[in-house]
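Colleague: quick one, structure for this:
(one chain, ligands or ions: 1)
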Amino acid sequence: LCGLIVADLKSDQQALLEFASSVPHAPRLNWKNDSSTICISWVGVTCNSNGTRVIGLHLPGMGLTGTIPENGIGKLDALRVLSLHSNGLNGKLPSNILSIPSLQFLYLQHNSFSGPIPSLVSRKLFALDISFNSFSGSIPPAFQNLRRLTWLYLQNNSISGAIPDFNLPSLKFLNLSYNNLNGSIPNSIKTFPYSSFVGNSLLCGPPLNHCSTISPSPSPSTDDYQPITPPTTQNQKGTNHKKSFGLATILALVIGVFAFLSLLVVVICVFCLKRKKNSKSSGILKGKASCAGKTEVSKSFGSGVQGAEKNKLFFFEGSSYSFDLEDLLKASAEVLGKGSYGTAYKAVLEEGTTVVVKRLKEVVVGKKEFEQQLEIVGRFGSHPNVMPLRAYYYSKDEKLLVYNYMPGGSLFFLLHGNRGAGRTPLDWDSRVKILLGAAKGIAFIHSEGGPKFTHGDIKSNNVLITQELDSCISDVGLPPLMNAPATMSRANGYRAPEVTDTRKITQKSDVYSFGVLLLEMLTGKTPLRYPGYEDVVDLPRWVRSVVREEWTAEVFDEELLRGQYVEEEMVQMLQIALACVAKGPENRPRMDEVVRMLEEIKHPELKNRISCESESNVHTP
Ligand SMILES: Nc1ncnc2c1ncn2[C@@H]1O[C@H](COP(=O)(O)OP(=O)(O)OP(=O)(O)O)[C@@H](O)[C@H]1O
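Modeller: Sure thing, here's the model as predicted:
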């Protein structure tokens with residue numbers, strides 16, 4: 001067995017040296033004819049955990065030129081990642097590279113490869129980027145069998161012919177732009193954006209312009225396909241009859257939709273008014289201090305109680321606490337931290353209950369608005385991933401919020417706290433669980449609070465953790481109550497670019513902040529300046545720049561890479577994060593879509609642990 005293992009590594013070494021001898025390269029490639037050093041010091045080479053096989057080759061931007069020989073890299077049959085992008089490699093791509101049985105990630109973009117794309121492709125392929133080369137010929141039909149393929153970037157080549165009817169269940173990122181493709185875009189991929197197909201003058205069908213009624217042939221004349229033009233121009237190309245029919249239909253549709261929407265708005269308004277009226281008479285808030293029912297307490301709100309009554313602590317329905325304001329003020333308190341909304345205290349009451357009291361500063365809204373907002377926030381407590389607001393107190397000089405105390409602390413602490421010796425690493429599965437919970441919490445407040453309701457301050461400090469590593473989104477609904485400039489600190493790396501004050505916060509800006517949170521979890525870097533964390537980075541910008549260079553290797557938190565992880569899951573998560581931090585709010589997914597995408601990451605099909613056992617299985621036939 002030992003001999004077999006050595007033979008495997010030796011054959012990997014031979015294959016690498018064969019490759020190196022054929023491509024003139026920069027002197028940085030320090031490979032020597034000594035297999036004992038491959039896994040230790042060979043530039044760009046990654047081995048499996050027991051040092052028996054080469055599983056990664058990363059040589060981007062190394063100044064490599066020339067043609068890859070047939071007997072080189074294709075023989076590395078345990079290879080998972082091959083990254084040779086941004087070099088000067090040319091000629092035909094050896095037919096055995098794409099078919100390396102364990103190959104998952106192939107990055108060859110920005111070279112000068114030419115000739116056809118090899119037709120035998122590894123079924124494990126997860127990401128394929130051969131963009132910005134001179135590949136020609138058609139897309140091999142074998143691509144239709146790539147059930148795990150998630151990224152396919154073929155843009156800026158000279159690929160021609162019709163697009164095969166892909167039925168790729170995992171495909172999420174597709175770019176075929178700027179080639180010579182023709183025919184109609186198959187139904188299975190027409191949901192990809194316009195930018196995925198633009199620059200193929202003979203391609204038609206959604207999301208490009210409609211195909212003409214003449215069915216596309218493999219070599220259509222330009223007249224058969226209409227150029228990409230706005231719908232009005234397209235209509236002008238039809239017959240007169242078609243044109244008037246089209247216009248009439250569109251007009252009828254527009255009027256119909258308008259009428260329907262107006263009706264919907266009226267119904268919603270009536271419903272809201274009714275609800276408001278009901279809530280006034282029944283009240284969601286109840287007075288804990290008295291045993292009064294809901295009606296009595298809401299009356300005390302409505303009529304503006306004077307004197308001592310005014311200073312009551314108001315509990316939300318469902319709260320099991322049994323103390324009053326006086327008890328709270330007598331409790332021993334310890335400062336947890338100072339945030340932009342004020343100071344958070346951990347308060348231990350005489351009867352033993354521990355709560356967190358937030359003392360708000362610079363509340364800019366009046367009592368009524370304050371109560372209205374908190375009434376909405378109080379409703380969210382029913383969701384397991386939203387921190388329930390238990391009670392609040394409002395007077396002219398003091399505004400307090402009472403929450404459960406979460407001994408697990410915040411995600412910020414779990415990610416960045418005590419990075420030195422003795423730290424317990426936060427493993428991949430725990431990170432996914434925490435972020436999925438947080439996403440569900442945010443999606444819930446977006447759907448329950450109505451389209452205008454936002455969190456407004458999503459960050460790792462506001463994701464609190466239970467001992468079972470369930471997450472709770474805290475500080476829900478506070479920004480509209482506070483002084484706008486105070487909450488808009490420049491150092492807030494979670495803030496979407498379009499948000500210049502609290503009035504600009506939208507659900508899509510929450511999605512941006514959540515994307516930064518995902519990046520923070522993936523990279524282990526903090527987007528905020530904290531004492532001891534001066535290395536503040538614009539995470540989206542940094543990740544985008546690294547992704548352009550050499551993403552699988554450098555982006556991820558080293559702590560993650562040392563533990564058990566699933567590379568595909570991490571890369572998928574990275575792509576979701578990048579979609580969330582798209583510069584234009586309209587390009588970001590909705591929060592419920594983010595939840596769905598995160599749930600898909602844990603698809604059993606992708607559960608392929610990188611471990612010693614799986615490594616040793618990689619090259620079994
Ligand atoms: N319910 C809670 N249980 C345990 N720790 C909490 C709780 N609420 C807040 N904390 C912790 O207390 C500290 C201060 O929180 P606070 O919300 O006041 O400020 P912040 O989240 O750091 O900033 P900001 O107010 O700008 O959101 C943070 O470390 C936070 O994680």
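Colleague: C-alpha from now on. contacts and neighbour counts both.
Modeller: Fine.
Colleague: quick one: strands adjacent to the one helix or strand residue 333 maps to?
Modeller: Using DSSP states H and E, residue 333 falls within strand 332-339. Each strand paired with strand 332-339, and its direction, by DSSP bridges: strand 342-348 (antiparallel).
Colleague: any residue of the strand it pairs with touching the ligand?
Modeller: Yes. Shown here: strand 342-348 in contact with the ligand (C-alpha under 6 Å from any ligand atom) through 342, 343, 344.
Colleague: hmm, the last one is touching residue 335, no?
Modeller: I take that to be residue 344. Yes. With contacts counted by C-alpha atoms under 8 Å, residue 344 reaches residue 335, the gap being 6.0 Å.
Colleague: ok, the two, which is more surrounded?
Modeller: For residue 344 versus residue 335, neighbours defined as other C-alpha atoms under 10 Å are more numerous around residue 344 (21 against 13).
Colleague: three-state assignment of the residue lying closest to that one once chain neighbours are set aside?
Modeller: Spatial nearest neighbour of residue 344, chain neighbours left out: residue 358 (4.4 Å); criterion: C-alpha to C-alpha, 6 or more residues apart in numbering. For residue 358, the assignment made with DSSP: H, G, I helix; E, B strand; the rest coil gives strand.
Colleague: beta partners for residue 358?
Modeller: Using DSSP bridges, the bridge partners assigned to residue 358 are residue 344, residue 401.
Colleague: distance check, it against residue 594.
Modeller: 30 Å (C-alpha to C-alpha, to the nearest Å).
Colleague: likewise residue 329?
Modeller: Residue 329 is 42 Å from residue 594, by C-alpha to C-alpha.
Colleague: ok, now residue 70?
Modeller: Taking C-alpha to C-alpha, one finds residue 70 at 43 Å from residue 594.
Colleague: same check, this time on residue 469
Modeller: To residue 594, residue 469 is 20 Å away according to C-alpha to C-alpha.
Colleague: who's more crowded, these two?
Modeller: residue 594 (23 against 15).
Colleague: just confirm that one is within a strand.
Modeller: No. Residue 594 is assigned helix when assessed by three-state DSSP, not a strand.
Colleague: pretty sure it sits against residue 439.
Modeller: Yes. Using C-alpha under 8 Å, residue 594 is in contact with residue 439, at 7.2 Å.
Colleague: in this protein, what residue lies closest to the ligand?
Modeller: The nearest approach of the chain to the ligand comes at residue 339, 3.2 Å away (C-alpha to the nearest ligand atom).
Colleague: and that residue, how many residues sit next to it?
Modeller: Number of residues near residue 339 (other C-alpha under 10 Å) recorded here: 13.
Colleague: that one bridge partners, please.
Modeller: For residue 339, the beta-bridge partners under DSSP bridges are residue 342.
Colleague: how far away is it from residue 172?
Modeller: Residue 339 sits 38 Å away from residue 172, going by C-alpha to C-alpha.
Colleague: which residues does residue 188 contact?
Modeller: Going by C-alpha atoms under 8 Å, 6 or more residues apart in numbering, residue 188 touches 165, 166, 167.
Colleague: oh sorry, the question was meant for residue 576
Modeller: Contacts of residue 576 were listed using C-alpha under 8 Å, 6+ apart, and they are 515, 594, 597, 598.
Colleague: buried residues in the helix or strand harbouring the third one?
Modeller: What that stands for is residue 597. Per DSSP H and E, residue 597 falls inside helix 591-601. Within helix 591-601, the residues scored as buried using 16 or more other C-alpha atoms under 10 Å are 591, 592, 594, 595, 597, 598, 601.
Colleague: how about stretch 445-453?
Modeller: Applying 16+ other C-alpha under 10 Å to stretch 445-453 flags 445, 446, 449, 453 as buried.
Colleague: before we move on, what about stretch 39-48?
Modeller: Those would be 39, 42, 44, 45, 46, 47, 48, for stretch 39-48 by 16+ other C-alpha under 10 Å.
Colleague: likewise for stretch 104-122?
Modeller: Within stretch 104-122, judged by 16+ other C-alpha under 10 Å, the buried ones are 104-122.
Colleague: hmm, who's touching stretch 349-364?
Modeller: Counting by C-alpha under 8 Å, 6+ apart, 327-328, 330-332, 341-348, 398-405, 481-483 sit against stretch 349-364.
Colleague: try it again with 6 Å
Modeller: 331, 341-348, 399-405, 481-483 (C-alpha atoms under 6 Å, 6 or more residues apart in numbering).
Colleague: emit the PyMOL select command for whichever of those are buried.
Modeller: A single PyMOL command selects the buried members of those (16+ other C-alpha under 10 Å):
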select buried, resi 331+341+342+343+344+345+346+347+348+399+400+401+402+403+404+405+481+482+483
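Colleague: who in the stretch 351-500 of the chain is up against the ligand?
Modeller: Residues of the stretch 351-500 of the chain lying near the ligand (C-alpha under 6 Å from any ligand atom): 356, 403, 404, 405, 406, 407, 409, 410, 461, 462.
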